[in-house]
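Peer 1: Dropping a prediction and its sequence here:
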Amino acid sequence: MHVIVATDGSRQSLAAAKQLKAFADPAKITEISVVAVVRPLASVAFADDLSEKQGSWATGSFREAAQSALDTIAAVYDGWGPKVNKRIRSGSAANEIIKAAEQYDAGLVVVAAGGRGIGGSVLVGSTAQRVQHYAPCPVLVVRPKPKPKR
Amino acid sequence: MSDTATAQDRAEDDGGLKRSITGRLLFFYVLGDVLGSGIYVLIGSVAGEVGGAFWAAFAVGVTVAGFTGLAYAELATKYPQAAGASLYVNKAFGKKPLTFLTTVLYLSATFAAAGSLAAGFSQYVAEVWDAPPALLVMIAFIILLAVLNFIGITESVVANMVMTFVEVTGLVIVMIIGIIYVGQGKADFSVLTDFSTDDNIIFAIVAGVALSFFAMTGFENVANVAEETVDPHKNFPIALIGGMATAGVIYVLVSMAAALTVPVGTLADSDAALLEVVKAGILPLSVSVMTLVFAIIAMVAITNTTLVQVVTQSRILYGMAREDVVPGAFAKIHSSRRSPYVALVFSAVVVIGLVVVGDVLGRLGLNIDIVSRLASVTVALLLVVYAGVIVSCFKLRGSDESDQTFRAPSALLVVGLIGNIVLLGYVIATDPTSLIWCAGLVGLGGLLYVAEKLFGSEGTGAQAPDLDDPGTDPGTDTGTDTGAETDKGA
């Protein structure tokens, strides 16, 4: 089975990638495609919160940011078994993840469920929601843990 | 979902280099961005300055801007990244202070442009609904755009295309009115060669160009999507030149239509001059309905361009914060919307500050027209940036070139450079107070730099995460705790 692991450069997407590794049987996964979507018209086309490497205001390369996020996520599966591909796509995040799932004939899509609380639940149109609704295969939506009580 | 059922269509795979901005989208991006800024807002004051022949000012202005666009086209094919002018100047001179100055000038220009556009928006609102005070409308508009950007409406390529079509429709309505008027034989063509001043005609045109030049700006934001453009060496020159030429033709025809149908004095005195053309009652439709429709079209046009300005602002602030040039807060990204919320809030506050200052000064009796005041501030700042880009283009000749590089005709670049310098000189000479506003905005950029140097710490922008134990990182939420938990489960 081909599994798609989507990343938007957030820490939640890294957690989602680890979640897959935590329960899935690597012998049953033939290939993993880590997908990052650059959104050309968004105010920040791709934000990589995962790497220490700093972006450059004098370059403004969002492709580089996407690439470094892909590298970090792909490293999760180092030595796990399945072949890992890294793919940058361009456009609307949910659309591109769904298209990738169709194109690679994926058996599972792994996404992070955005933020916790008002931001994630009230504002409609989040990527995870749209992927759940329209993906051609099962979707693993990894939710953030509830806030620890202090 | 058996193990053997792997992806079949690997042949279709693009090797992970798929880009989504086609030549057509790029063309509409340029056209929409240029058309929204200015003609809806400024045509009245240009008409007043030049007289019936004000179409000539638009023609000359779009030519100077178009030649500058050639330099952008050449550089964007060489360096297809989002930073635009800052990147080009950095590549050409490699001097950090110069790069910083260029970035801040560009950022300041987008602030002033957004303020001018917000004021123009409020004037069209006033035409259809006279209840709310203008300042309130401006502030609400600026906040709304920040929210739209936060949610991510601007990401929609479709929305961008639709807004551009609406913009063009508005201007086509004006042209149709002009054609009908000419067809009725009422037009007096002598108005098109009529200059209001007794002075030198060239001087009148330069004055008009300086005033109307705001309407030519916006194309520089095309660098925003450079990295995601398909075949940039082919599409950038076509989209930039095609977009500017289309805008130029539309401007000239709209100016002529306006001059022929409405007395120049009426245009000059109107807050929303293109509405006067519609109000002339030439179309066989209810004037009040047409006025409403046209006002809405104008608001859409202004919104489209302002949205791009807001995107540019937050990108510049985000990029500078990532490099520890301004405080790291500007690099904060909302966890689910993936938007730079601090940068968006800050930008909105600055733009609101600009219109409030304009409004207060106006109340103090300084007779400030916020639209044209901030427009000329934008123009002054951008002319410096444009000149810098053309110089960088020459400086970078011979380096990083391949057969994929578009090469702009040098003679046209020289004309563009001279045009930019002449206009800059004119703006400064006739309107020295715009320098105070420019200095204020640029000073703000300097303040951010100082704030980062005094209070910022290395690496705040990039947040240098500890990926093995993300939950202990203060300052970010604990969303990645699931990773630790699953390790137990495994």
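Peer 2: Structure's in. What do you need? Numbers count the residues shown, from 1 in each chain, chains lettered A, B, ... in the order given.

Peer 1: Next, B:S86: phi, psi?
Peer 2: Backbone torsions for B:S86, taken as degrees, to the nearest 10, come to phi -60, psi -40.

Peer 1: Spatially nearest residue to it, not counting backbone neighbours?
Peer 2: Excluding its sequence neighbours, the residue lying closest to B:S86 (CB to CB, 6 or more residues apart in numbering or on different chains) is B:T103, at 4.3 Å. Bear in mind the C-beta positions are built from the backbone N, C-alpha and C, glycine included.

Peer 1: Now do the SS call for the closest residue to B:V287 other than its chain neighbours.
Peer 2: The shortest distance from B:V287 to any non-neighbouring residue, by CB to CB, 6+ apart, is to B:G281 (5.1 Å). When classified by DSSP: H, G, I helix; E, B strand; the rest coil, B:G281 comes out as coil.

Peer 1: May I see the buried residues of the lengthiest helix in chain A?
Peer 2: Identified as the longest helix of chain A according to DSSP state H is helix A:62-76. By 16 or more other CB atoms under 10 Å in any protein chain shown, the buried positions in helix A:62-76 come out as A:62-70, A:72-74, A:76.

Peer 1: Show me what it is in contact with.
Peer 2: With contacts defined as CB atoms under 8 Å, 6 or more residues apart in numbering or on different chains, helix A:62-76 is touched by A:5, A:7-9, A:13-14, A:17-18, A:21, A:34, A:36-38, A:44-48, A:50-51, A:53, A:55, A:84, A:86-88, B:82, B:227-228, B:467.

Peer 1: CA atoms only: put that helix into PDB for me.
Peer 2: The C-alpha trace of helix A:62-76 is given here as PDB (Å, rounded to 0.1, in the frame of the first residue of the first chain):
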ATOM      1  CA  PHE A  62       9.300  28.900  -0.100                       C
ATOM      2  CA  ARG A  63      10.400  25.900  -2.100                       C
ATOM      3  CA  GLU A  64      13.500  25.600   0.000                       C
ATOM      4  CA  ALA A  65      11.300  25.800   3.100                       C
ATOM      5  CA  ALA A  66       9.100  23.100   1.800                       C
ATOM      6  CA  GLN A  67      12.100  21.000   0.900                       C
ATOM      7  CA  SER A  68      13.600  21.200   4.400                       C
ATOM      8  CA  ALA A  69      10.200  20.300   6.000                       C
ATOM      9  CA  LEU A  70      10.000  17.300   3.700                       C
ATOM     10  CA  ASP A  71      13.600  16.200   4.700                       C
ATOM     11  CA  THR A  72      12.600  16.400   8.400                       C
ATOM     12  CA  ILE A  73       9.500  14.400   8.000                       C
ATOM     13  CA  ALA A  74      11.100  11.800   5.700                       C
ATOM     14  CA  ALA A  75      13.900  11.300   8.300                       C
ATOM     15  CA  VAL A  76      11.200   9.900  10.600                       C
END
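
Peer 1: residue ranges with poor pLDDT in chain A?
Peer 2: Residues of chain A that meet the criterion pLDDT under 70 lie in A:52-60, A:114-125, A:146-150.

Peer 1: Might you report the residue contacts of residue 100?
Peer 2: By default, I'm working from chain A. A:A100 makes contact with A:4, A:33, A:35, A:87, A:89, A:106 under the criterion CB under 8 Å, 6+ apart.

Peer 1: wrong chain, I was asking about chain B
Peer 2: B:F100 touches B:325, B:445, B:449, counting by CB under 8 Å, 6+ apart.

Peer 1: and those near chain A, which?
Peer 2: B:V325 (CB under 8 Å from any CB of the partner chain).

Peer 1: Quick one: mean pLDDT over the helix or strand hosting B:L317.
Peer 2: In this assignment (DSSP states H and E), B:L317 forms part of helix B:287-322. Taken as a whole, helix B:287-322 carries a mean pLDDT of 87.

Peer 1: didn't B:N304 look like it was pressed against B:M163?
Peer 2: Yes - here B:N304 reaches B:M163: they are 4.0 Å apart, a contact under CB atoms under 8 Å.

Peer 1: which neighbours do those two share?
Peer 2: Counting by CB under 8 Å, 6+ apart, the residues touching both B:N304 and B:M163 are B:G32.

Peer 1: tell me, how many neighbours does the residue of the stretch 101-250 of chain B found nearest chain A end up with?
Peer 2: Here the residue of the stretch 101-250 of chain B nearest chain A is B:E228; by CB to the nearest CB that distance is 3.7 Å. Number of residues near B:E228 (other CB atoms under 10 Å in any protein chain shown) recorded here: 24.
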